[in-house]
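# what follows is a predicted structure for the sequence shown.
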Amino acid sequence: MSDRIIIGKYTLESLTSGMYSDPNVVFREYIQNSVDSIDKAVDSNIIQKGEEQIVVQLLPTESRIIIKDNGMGIPSEEAEKVLISIGNSKKTTDNSRGFRGIGRLSVLSYCQKLTFSTSYPGEKILTRVIIDAEKLTGLLSDTNKKDVTVLDVLHSVYTVETCSEKEEAHYFTVQVDGVDENSKLNSYEDVLDYLSQNVPVPFSPEFKWGQEICNRLKNEGWDIKSYNVMVKYGMNLTSVYKPYKDEVLVDKRKKLSCKIQDIEIVKIVHASGEVSSIGWLAKTSYLGSIYDRTVKGIRLRKGNILIGDQQTLNVVFKDARFNGWSMGEIFAIDKELIPNARRDDFEKNPAYFVLYEHLATLSAKITKEIRTSSLNRNAELANAIEEKDNATMLAEDALDSGVNGSKKGAITHKLKSAQRAVIDSKLNSQLDEKYQEIAFDELDMLIGKLKGATSYKALNTIGRLTNTEKKILERVFNVIGDLNIKNNNTVIDAILCEFSDIT
């Protein structure tokens, strides 16, 4: 039976053009492999920490990209198997960022030729694996040939070459030729922007809070591992840093900025006491949504590589906009927090749900701080909100216990007074406008509920009855009570039960 099972050639299409929507993802895939290789080189004392180099060279006039690292490289006898095998990586999630063994092929849909070159310390061999991406495209588009397997296609599009190399040489190089211009993979600005947000690079020396973040996390027993990544473009060699700044723009038209006032360290701990995730949040005055998309939003990272983007954690906020008012990073430590194949989130397992439950609590705290900060800047609206809260408490207590006509009128007057105060408040920001709208709607709903409220709590909870019907039943219940008949409460309960069951 097994010889009848065929893994068709179109699987390759799914793993190249079908896997990722953003072409720039290819840089992340290669750099995460470089970082894993560099870690091995450091552990083996081939290089010292700080000597690592990952260089992304953009050559748009030649339609070429070269990515080179000085990591451990791959032994010559393993190179072909490692580089051509699909989904068969020896790496694990415990100690590697790239562990699925599929990302290295992601660039094939954006080029004509892909060349891997590697040398391993102690060997005198340079190994090259060359993949003809143009030929691969032709084979995948040929619909006439049936039962063509992935192996059939791969064997026909790649070659292996070896030549001599210095014994002490160790590196891995990716050369991409015939780069598709529409992919913008050779755009300096786009590539630098992508790398600064996604790959494990340090904070900029100009970001004064960067060292403070590292120190505070280190005090908690966590070290952010970062690496020297550079972009070479023409004669310029630019070091890549995370784009965080001490001050961020929140309103371009008004030229309004927010300064980071402090850093809060966030720890998410399992019931067992083990730390699941750790991170930092910027404490600001929360003047508005951060304008710069490269730093806005709390971001998830595993191995200091971005998971998803700045909007991934919008879902943990009841008001998704408030993630855009926030700035920070959460580093996943738990080995059960496993990036999915697209690296746009984690695999949905128990560890994932525990993480997101804690993040929802964190988002509620941030939302409260944003609201408090806004109201502190607007004393008039804050006073109106306080008046609203007091009137709301009276109304909700009255609805819970039942309310007669005179008391209802007094509470309704307080609700309408609070509503006028809310409407008349001067607004300083879009957030003030949002709070005004929420407060007005809440008061309006309570005024409507109170209008149909009766002195019988059970009647007030029957939402299917109109206000007129509730008032008629209230008069009926009052008559029954005045007659002083035996078991009058049982009669009233039977009537309530009857009306509660109406459809």
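On my side now, so go ahead. Just so it is clear, the structure is predicted and the values come from calculations on it, not from any experiment.
# measure the residue nearest the centre of the chain to Glu212 for me?
The central residue of the chain, meaning the one whose C-alpha is nearest the mean C-alpha position (C-alpha atoms, centre = their mean), is Thr312 at 2.6 Å. Separation of Thr312 from Glu212 (C-beta to C-beta, to the nearest Å) stands at 25 Å. In this view, the C-beta of every residue, glycine as well, is placed from N, C-alpha and C.
# re earlier: surely the residue nearest to the centre of the chain and Leu300 touch.
Yes. The pair Thr312 and Leu300 passes the contact test of C-beta atoms under 8 Å, sitting 6.0 Å apart.
# now do the shared contacts for the two.
Common neighbours of Thr312 and Leu300, counting by C-beta atoms under 8 Å, 6 or more residues apart in numbering, are Asp345.
# look up how far Met445 lies from Gln436.
Summarising the geometry, the distance separating Gln436 from Met445, computed by C-beta to C-beta, is 15 Å.
# and the lengthiest helix in the chain, how far out from the chain middle?
Counting by DSSP state H, the longest helix found in the chain is helix 350-377. Chain-centre distance of helix 350-377: 14 Å, with C-alpha atoms, centre = their mean, to the nearest Å.
# in terms of helices and strands, where is the spatially closest residue to Glu52 that is not a sequence neighbour?
For Glu52, the nearest residue in space outside its immediate sequence neighbours is Ile38; the separation is 4.5 Å by C-beta to C-beta, 6 or more residues apart in numbering. With elements taken from DSSP states H and E, the one containing Ile38 is helix 25-43.
# quick one: average pLDDT of the next helix or strand after that helix?
Under the assignment DSSP H and E, the closest C-terminal helix or strand after helix 25-43 is strand 54-59. Strand 54-59 comes out with an average pLDDT of 98.
# mind listing the helices for the stretch 101-250 of the chain?
Assigned helices in the stretch 101-250 of the chain, in chain order: 133-141, 150-157, 188-198, 208-219 (criterion: DSSP state H, counting those that start in this stretch).
# got any ranges where the stretch 1-150 of the chain has weak pLDDT?
Where the stretch 1-150 of the chain drops to pLDDT under 70, the residues are 1-21, 86-103, 140-148, 150.
# ok, 90 please
Within the stretch 1-150 of the chain, the stretches falling below the threshold (pLDDT under 90) are 1-22, 84-109, 133-150.
# residue contacts, the residue lying closest to Ser425 once chain neighbours are set aside?
Using C-beta to C-beta, 6+ apart and skipping residues adjacent in sequence, the residue nearest Ser425 is Leu381, 4.2 Å away. When contacts are counted by C-beta under 8 Å, 6+ apart, Leu381 is found next to 375, 422, 425-427, 432, 435-436.
# can you give me the end-to-end distance of stretch 226-240?
The first and final residues of stretch 226-240 sit 11 Å from each other (C-alpha to C-alpha, to the nearest Å).
# which residues does it contact?
Outside stretch 226-240, the residues that touch it by C-beta under 8 Å, 6+ apart are 31, 34-35, 38, 50, 52-58, 188, 191-192, 195-196, 199-202, 304.
# buried residues of that stretch, list them for me.
226-233, 240 (16 or more other C-beta atoms under 10 Å).
# for the residue lying closest to Leu431 once chain neighbours are set aside, give its distance to Cys163.
The shortest distance from Leu431 to any residue that is not its chain neighbour, by C-beta to C-beta, 6+ apart, is 4.7 Å, and that residue is Ser374. Using C-beta to C-beta, we find Ser374 at a distance of 66 Å from Cys163.
# and Leu139, by the same measure?
Applying C-beta to C-beta, the value for Leu139 to Cys163 is 28 Å.
# over to Glu80?
In this structure, Glu80 lies at 15 Å from Cys163, with C-beta to C-beta as the measure.
# the more surrounded of the two?
Here Glu80 and Cys163 are compared on neighbour count by other C-beta atoms under 10 Å; more neighbours surround Glu80, at 16 against 10.
# where does that one fall, secondary structure wise?
Remark: Glu80 resides in helix 76-84, with elements defined by DSSP H and E.
# give me the angle between that helix and helix 150-157.
120 degrees (axes from the mean of the first three to the mean of the last three C-alpha atoms, to 10 degrees).
# from the contacts of stretch 226-240, which would you call buried?
Those of these that meet the buried threshold are 31, 34-35, 38, 52-58, 191-192, 195-196, 199-202, 304, by 16+ other C-beta under 10 Å.
# how long is stretch 395-408 end to end?
By C-alpha to C-alpha, the extent of stretch 395-408 from end to end equals 8 Å.
# re earlier: and the two most separated of the buried residues of stretch 226-240?
Every pair in those was compared (C-beta to C-beta); the two farthest apart turn out to be Ser226 and Tyr233, at 21.6 Å.
# which ChimeraX command selects the buried ones in the contacts of Leu381?
Command for ChimeraX, covering only those of these found buried under the criterion 16+ other C-beta under 10 Å:
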select :375,422,425,432,435,436
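# want to try CSV for the contacts of Leu381, with pLDDT as columns?
Compiled in CSV, the contacts of Leu381 are given as follows (pLDDT from 0 to 100):
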residue, pLDDT
Leu375, 76
Val422, 84
Ser425, 81
Lys426, 78
Leu427, 76
Asp432, 78
Tyr435, 78
Gln436, 84
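# and which of the contacts of Leu381 is nearest Ile66?
For the contacts of Leu381, the residue nearest Ile66 by C-beta to C-beta is Asp432; the value is 52.4 Å.
# what helices and strands are in contact with the strand or helix carrying that closest one?
Taking DSSP H and E as the criterion, the element that holds Asp432 is helix 430-451. Packed against helix 430-451, as judged by 3 or more C-beta pairs under 8 Å, 6 or more residues apart in numbering; DSSP states H and E, are the following elements: helix 350-377, helix 379-401, helix 405-424.
# quick one: Gln430 from Gln436, how far?
When Gln430 is compared with Gln436 (using C-beta to C-beta), they lie 11 Å apart.
# show me where the stretch 151-300 of the chain has its strands.
If DSSP state E, counting those that start in this stretch is used as the criterion, the strands of the stretch 151-300 of the chain fall at 158-164, 171-177, 229-233, 236-239, 247-251, 256-259, 262-269, 275-283, 297-302.
# show residues contacting the first one.
Looking back up the chat, that one is strand 158-164. With C-beta under 8 Å, 6+ apart as the contact definition, strand 158-164 has outside contacts at 76, 79-80, 84, 124-132.
# one more time with 7 Å, if that's ok
76, 80, 84, 124-131 (C-beta atoms under 7 Å, 6 or more residues apart in numbering).
# kindly provide the distance from Gln311 to Ser326.
Shown here: Gln311 relative to Ser326, a distance of 12 Å by C-beta to C-beta.
# overlap in contacts, those two.
Overlap between the contact sets of Gln311 and Ser326, as judged by C-beta under 7 Å, 6+ apart, is given by Gly297.
# which of the two has more neighbours?
Counting neighbours by other C-beta under 10 Å for Gln311 and for Ser326 shows that Ser326 has the greater number, 25 against 14.
# with that, I have no additional questions.
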